[in-house]
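Undergrad: just a sequence and a predicted model for now, questions to come.
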Amino acid sequence: MKITWMGHSCFLLETEKGTKILTDPYEPKSYAGAVGYGPLEVEPDIITVSHKHADHNYTQPFLKAEIVDRAGKFTIADAELEGIPTFHDDQQGAERGKNIIFIIRVDDLCVAHFGDLGTLDIDPSQLSTLDIALVPVGGTFTIGANEATELTQKLNPQIVVPMHFKTPKLGFGIDWVEKFLKDKDYEKRESLEVNLQNIHSFKRVVVLQYQR
């Protein structure tokens, strides 16, 4: 499986069979230009949407993709997906609404995309077999560095990939990734090409470079 970080919370997962899964596609220049990442220019087969905000649910350009934007279990092509309902805040959704964590099982690996998770009030038993966790770390609108650290320590995936943090292309007032990386063993990569045979060769935390 190849995992590419397009920017913000958007990743492209490409399976061994060539299926392309896009998570939380953002609308370029949304929020008065605060989302400065460029057009995605990919043709995904599957799109997961964690919640209905413009920086996470811009599905309009992808006419051929099957969109999964609700909780439940789905089998599409060679991927098994499970949406787990959570909240975008720590007030049971009263501030920012609901969020969906998507578990994606493909190529004998289990990947979880946590969307805009805003609370640690989740059932860890539903996430007990993770290989790779794509986790927001920027705070303010999601869990922050300390909460993301607590979450990943509890779930103990093989690899943690941080997302939804401040970059030169993002105008939101959230934290840079360095706050999450403090005292952690990490490496930086352009993309992540991972399988059951090599997963143990990576650092615990892998920081990807945004591609848009």
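TA: Happy to help now that I have it.

Undergrad: for the rest of this, base every contact and every neighbour count on C-alpha atoms.
TA: OK.

Undergrad: which stretches of this protein form strands?
TA: For the chain, the strands defined by DSSP state E occupy 2-7, 10-14, 20-23, 46-48, 66-68, 72-76, 79-87, 98-106, 109-113, 132-136, 159-163, 186-189, 192-193, 205-208.

Undergrad: okay, those strands in JSON lines with distance to E147 and mean pLDDT next?
TA: What follows is the strands of the chain, written out as JSON lines (distance: least, C-alpha to C-alpha, whole Å; pLDDT from 0 to 100):
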{"stretch": "strand 2-7", "distance to E147": "21", "mean pLDDT": "98"}
{"stretch": "strand 10-14", "distance to E147": "21", "mean pLDDT": "98"}
{"stretch": "strand 20-23", "distance to E147": "22", "mean pLDDT": "98"}
{"stretch": "strand 46-48", "distance to E147": "24", "mean pLDDT": "98"}
{"stretch": "strand 66-68", "distance to E147": "27", "mean pLDDT": "98"}
{"stretch": "strand 72-76", "distance to E147": "26", "mean pLDDT": "97"}
{"stretch": "strand 79-87", "distance to E147": "14", "mean pLDDT": "95"}
{"stretch": "strand 98-106", "distance to E147": "16", "mean pLDDT": "97"}
{"stretch": "strand 109-113", "distance to E147": "16", "mean pLDDT": "98"}
{"stretch": "strand 132-136", "distance to E147": "10", "mean pLDDT": "98"}
{"stretch": "strand 159-163", "distance to E147": "12", "mean pLDDT": "98"}
{"stretch": "strand 186-189", "distance to E147": "18", "mean pLDDT": "98"}
{"stretch": "strand 192-193", "distance to E147": "24", "mean pLDDT": "98"}
{"stretch": "strand 205-208", "distance to E147": "15", "mean pLDDT": "98"}
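
Undergrad: out of the ones you listed, which is closest to D121?
TA: Ranking the strands of the chain by proximity to D121 (C-alpha to C-alpha) places strand 79-87 first, at 8.2 Å.

Undergrad: chain center to that closest one: distance?
TA: 12 Å (C-alpha atoms, centre = their mean, to the nearest Å).

Undergrad: one more: stretch 103-114?
TA: Worked out by C-alpha atoms, centre = their mean, stretch 103-114 lies 11 Å from the chain centre.

Undergrad: next, the buried residues of it.
TA: I103, I104, R105, V106, D107, L109, C110, V111, A112, H113, F114 (16 or more other C-alpha atoms under 10 Å).

Undergrad: distance between the ends of that stretch?
TA: For stretch 103-114, the first-to-last residue distance is 9 Å (C-alpha to C-alpha, to the nearest Å).

Undergrad: how about residues contacting that stretch?
TA: 1, 15-16, 23, 50, 78-84, 100-102, 127, 129-136, 195-196 (C-alpha atoms under 8 Å, 6 or more residues apart in numbering).
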